[in-house]
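Participant: Quick one, structure for this:
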Amino acid sequence: MVSTEQALAQAEHQCQQQGARFTAARRRVLAILLDQSQPQTAYQILDLLRAEQPGAQPPTVYRALDFLLRHALVHRIESTNSYLACNSPHSHDDDAGHHWPQFLLCDVCGDTREVPLAGELRQALARQANAYGFRIGQRPLEVHGLCPRCQSSQ
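Facilitator: Okay, the predicted model is just below:
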């Protein structure tokens, strides 16, 4: 498992490679997400940021999240409107370099896991979309259900 400091160093290197500035605010928002085990809403991130910087305002968080999303350092979980640090940047890209994360979301406890989407499934989804003349855009796939802990408690 990569430490927060290692992940921040990798993120900074990735930004440098892309010619982007990894500012202190962007670093701090990413560090907050890396330190959380579950996705956080923008306002949860703001609350954690305000513990250190009482004057922090929502635009700071939203601008940082926008940057981190554009540079594939975080993911937005659409169904919960929350954010999660990418746990394995670019390790499950397709042949064109597109990131295809899959999220397993527990409907009882909210546990969320990013897992690689199998290549065969990525290809099948793309083929099916292409058959209808549709080109897949953003690629996160969210699967809702029950985590092992919640299954065993039923």
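
Participant: When you work out contacts or count neighbours from here on, use the C-alpha atoms and nothing else.
Facilitator: Fine.

Participant: tell me the pLDDT at residue 50?
Facilitator: Note on residue 50: pLDDT of 96.

Participant: Run a quick neighbour tally on it.
Facilitator: By other C-alpha atoms under 10 Å, 13 other residues sit near residue 50.

Participant: looking at this, residue 115 is in a helix?
Facilitator: No - using DSSP: H, G, I helix; E, B strand; the rest coil, the secondary structure at residue 115 is strand, not a helix.

Participant: residues in contact with the nearest residue to it once chain neighbours are set aside?
Facilitator: Of all residues not flanking residue 115 in the chain, residue 102 sits nearest, at 5.4 Å (C-alpha to C-alpha, 6 or more residues apart in numbering). By C-alpha atoms under 8 Å, 6 or more residues apart in numbering, the contact set of residue 102 is 114, 115, 116, 117, 140, 141, 142, 143.

Participant: in terms of contact, does the fourth one touch residue 123 like I think?
Facilitator: No - with contact taken as C-alpha atoms under 8 Å, residue 117 and residue 123 are classed as non-touching, separated by 10.1 Å.

Participant: neighbour count winner among the two?
Facilitator: residue 117 (18 against 12).

Participant: just checking, the residue nearest to residue 115 is part of a helix?
Facilitator: No - read with three-state DSSP, residue 102 is strand and lies in no helix.

Participant: Give the bridge partners for it, please.
Facilitator: residue 115, residue 141 (DSSP bridges).

Participant: In terms of pLDDT, where does it sit?
Facilitator: So, for residue 102, pLDDT stands at 89.

Participant: do residue 17 as well
Facilitator: For residue 17, the model assigns a pLDDT of 94.

Participant: where's it relative to residue 4, distance?
Facilitator: 20 Å (C-alpha to C-alpha, to the nearest Å).

Participant: got it, and residue 81?
Facilitator: In this view, residue 81 and residue 4 are 23 Å apart by C-alpha to C-alpha.
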